[in-house]
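Student: dropping the sequence and predicted coords here.
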Amino acid sequence: MSSPALSSLSARFAVRFGTDPALRVRAPGRVNLIGEHVDYVGGLVLPVAIDRAVHAVAAPNGAGLLRLVSEAPGVAAVEVPVDALGPRAGAEHWLNYVLGVLAQYRDRGWKVPGLDILFAGDLPLGAGLSSSAALETATALLLEGLSGRGLDPIGRARLCQQAEHGHAGVPCGLMDQLAVGAGRAGHALLIDCRDLRVTPVPLPPDWSIVVADTRVKHALADGEYRRRREDCEAAARALGVSTLRDASPELLATNAARLDERLVRRARHVVTEIARVPAFVAAAAAGDAGAAGELLRASHLSLRDDFEVSCPELDALAEAAWRAGAELGVIGARMTGGGFGGATITLVRRGQEAELARHLEVDFAGRFGHTPLVFVTRAAGAAEILPPDHPAK
Ligand code: ADP
Ligand code: MG
């Protein structure tokens, strides 16, 4: 989605629905710096809420209907009676993130009134930047704001996760919804997915984040995600632990010979990736770009070779950044998100973002014949309720 005059979102709502919105919300996307494919085993993750977001405005309509419009490309407007919150298929699939959240509140005894909602924003969809969690959280905050009460961020994140499981059929971990709901400007979030403790981690002010979206999403993404979760569960059972979070490198080494070779690689990714997260936090605290870069590279290689969730486009972007190296200010790079397409992140010295972005675009376009979407982003604050006429940013 481009960002056509987000400040006039309320005006566009008024044109569409013939009334002013009562409420506006912003729910950011996220990138994960390190700790990939470990949230669902109770591991450590280090996401950053970013300055691109889903924005939404809404007003009750008193008509017992949900009139839902999104400005995202190719997304059809839909009218749904408030008592028909069940899952949708086909072109209406996007509604599942919205209806799923509303159904979850209803199941907890909340009243879901007829609502007109306009969704907009500048967060690419399906790029591994968690537009789904942003859409869910935006919907949740709209209902909370209009109801005059609210859930705490962890309760809301869990509710949104359940909506994604139940309605969209995606067995996601909790990282995305927590990052969207607990982000802090200038900080990454160290999340312990076992007890959901969130610790903000200040990022070195001269480390800039460049996102490069491959603009591809390979069809196998969803099925493979589910299979990776199943592999992790099978590996944990074989190792005699309740989740791979409890597997030490020693336990894995001792048992490797009697485990299926694939499960050993899956477990090795998880165990080494979880260890890389506190190491990265320490490197960031010390401003140690060399150590941070090595950890990002090791994470990418582990996801590529052991967990097998990368793809040629992601590998090409990561390798282009590694090759550019210190000359273009590169600290490190890796794929971010679930994989099979989506985006990479490159940490780069502040001031060299544009040069690096150009390098990634040219290198990638030369190989794949289309240009990736490359943009600089920064760590932004959590999802929030705003006055209806609040300017975009
Ligand atoms: P990601 O969360 O990485 O962006 P997902 O595949 O999990 O990728 O979620 C993307 C889906 O979320 C889209 O295909 C669409 O159905 C829905 N979605 C996200 N943002 C919006 C939006 N602003 N308007 C309509 N649908 C959206
Ligand atoms: Mg998602």
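Tutor: Great, that's in hand. Ligands and ions are numbered 1, 2, ... in the order given.

Student: A58 - that's part of a strand, no?
Tutor: Yes - looking at A58 with DSSP: H, G, I helix; E, B strand; the rest coil, it is inside a strand.

Student: for this structure, which segments count as strands?
Tutor: Counting by DSSP state E, the chain has strands at residues 23-32, 44-45, 47-60, 65-70, 78-81, 115-121, 187-192, 197-202, 207-217, 330-336, 341-349, 373-377, 384-386.

Student: list phi and psi for the residue nearest to R226 when sequence neighbours are not counted.
Tutor: Once flanking residues are discounted, R226 sits nearest to P171: 5.9 Å by C-beta to C-beta, 6 or more residues apart in numbering. (C-beta placed from N, C-alpha, C; glycine too.) Dihedral pair for P171: phi -80, psi 60, per degrees, to the nearest 10.

Student: what residues are up against P171?
Tutor: Under the criterion of C-beta atoms under 8 Å, 6 or more residues apart in numbering, the neighbours of P171 are Y40, H165, Y225, R226, R229.

Student: and these, which of them are buried?
Tutor: Y40, Y225, R229 (16 or more other C-beta atoms under 10 Å).

Student: hmm, V170 and the first one touching each other?
Tutor: Yep, that's Y40 we're talking about. No - contact criterion C-beta atoms under 8 Å: Y40 and V170 do not qualify, at 11.3 Å.

Student: and this structure, which residues reach ligand 1?
Tutor: Listed as neighbours of ligand 1 in the chain under the rule C-beta under 6 Å from any ligand atom: 54, 70, 72, 75, 93-94, 97, 119, 121, 125-132, 135, 337.

Student: next one: the closest residue to ligand 1 within the stretch 251-393 of the chain from V376, what distance?
Tutor: Closest approach between the stretch 251-393 of the chain and ligand 1, counting by C-beta to the nearest ligand atom: G337, at 5.8 Å. G337 sits 18 Å away from V376 when distances are taken as C-beta to C-beta, to the nearest Å.

Student: between these two, which has more neighbouring residues?
Tutor: Between G337 and V376, G337 has the larger neighbour count (other C-beta atoms under 10 Å), namely 26 against 16.

Student: and the more buried one, what are its phi and psi?
Tutor: phi 90, psi -170.

Student: where does it land on pLDDT?
Tutor: G337 is assigned 94 on the pLDDT scale.

Student: surely it meets A343?
Tutor: Yes - judged on C-beta under 8 Å, G337 makes contact with A343 at a distance of 6.4 Å.

Student: quick check: neighbours shared by these two?
Tutor: V31, A127, G128, L129.

Student: from the contact counts, what lies against the helix ranked longest in the chain?
Tutor: Longest helix in the chain, counting residues (DSSP state H): helix 261-286. On a contact count with 3 or more C-beta pairs under 8 Å, 6 or more residues apart in numbering; DSSP states H and E, helix 261-286 meets strand 44-45, strand 187-192, strand 197-202, helix 221-239, helix 249-255, helix 289-305.

Student: save the ones you listed as a markdown table, and put in mean pLDDT too.
Tutor: Listed next are these as a markdown table, based on pLDDT from 0 to 100:
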| stretch | mean pLDDT |
| --- | --- |
| strand 44-45 | 98 |
| strand 187-192 | 98 |
| strand 197-202 | 98 |
| helix 221-239 | 94 |
| helix 249-255 | 96 |
| helix 289-305 | 98 |
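
Student: burial-wise, tell me which of those comes out on top.
Tutor: Each of the helices and strands packed on helix 261-286 was scored by mean neighbour count; the highest is strand 44-45, a mean of 25, by mean count of other C-beta atoms under 10 Å.

Student: and it, what does it pack onto?
Tutor: The helices and strands touching strand 44-45, judged by 3+ C-beta pairs under 8 Å, 6+ apart, are strand 187-192, helix 261-286.

Student: next up, phi/psi of the residue most central in space within the chain, please.
Tutor: Taking C-alpha atoms, centre = their mean, the centroid of the chain lies closest to S130, which sits 2.9 Å from it. Dihedral pair for S130: phi 70, psi 40, per degrees, to the nearest 10.

Student: average pLDDT for stretch 161-176?
Tutor: 94.

Student: same check, this time on stretch 129-147
Tutor: The predicted model gives stretch 129-147 an average pLDDT of 97.

Student: helices along the stretch 51-200 of the chain, start to end?
Tutor: Under the criterion DSSP state H, counting those that start in this stretch, the stretch 51-200 of the chain contains helices at 95-107, 131-147, 153-163, 175-182.

Student: tell me the gap between the longest one and the middle of its chain.
Tutor: Between the mean C-alpha point of helix 131-147 and the mean C-alpha point of its chain there is a distance of 15 Å (C-alpha atoms, centre = their mean, to the nearest Å).

Student: for that helix, C-alpha coordinates in PDB please.
Tutor: This file holds the C-alpha atoms of helix 131-147, laid out as PDB (Å, rounded to 0.1, in the frame of the first residue of the first chain):
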ATOM      1  CA  SER A 131       0.400  -6.900   8.500                       C
ATOM      2  CA  SER A 132      -1.900  -9.700   9.700                       C
ATOM      3  CA  ALA A 133      -1.100  -9.000  13.400                       C
ATOM      4  CA  ALA A 134      -1.400  -5.200  12.700                       C
ATOM      5  CA  LEU A 135      -4.800  -5.700  11.100                       C
ATOM      6  CA  GLU A 136      -6.000  -7.800  14.100                       C
ATOM      7  CA  THR A 137      -4.600  -5.400  16.600                       C
ATOM      8  CA  ALA A 138      -6.200  -2.400  14.800                       C
ATOM      9  CA  THR A 139      -9.500  -4.200  14.900                       C
ATOM     10  CA  ALA A 140      -9.100  -5.000  18.600                       C
ATOM     11  CA  LEU A 141      -8.300  -1.400  19.500                       C
ATOM     12  CA  LEU A 142     -11.200  -0.100  17.600                       C
ATOM     13  CA  LEU A 143     -13.600  -2.300  19.400                       C
ATOM     14  CA  GLU A 144     -12.000  -1.500  22.800                       C
ATOM     15  CA  GLY A 145     -11.900   2.200  22.100                       C
ATOM     16  CA  LEU A 146     -15.600   2.300  21.100                       C
ATOM     17  CA  SER A 147     -16.600   0.100  24.100                       C
END
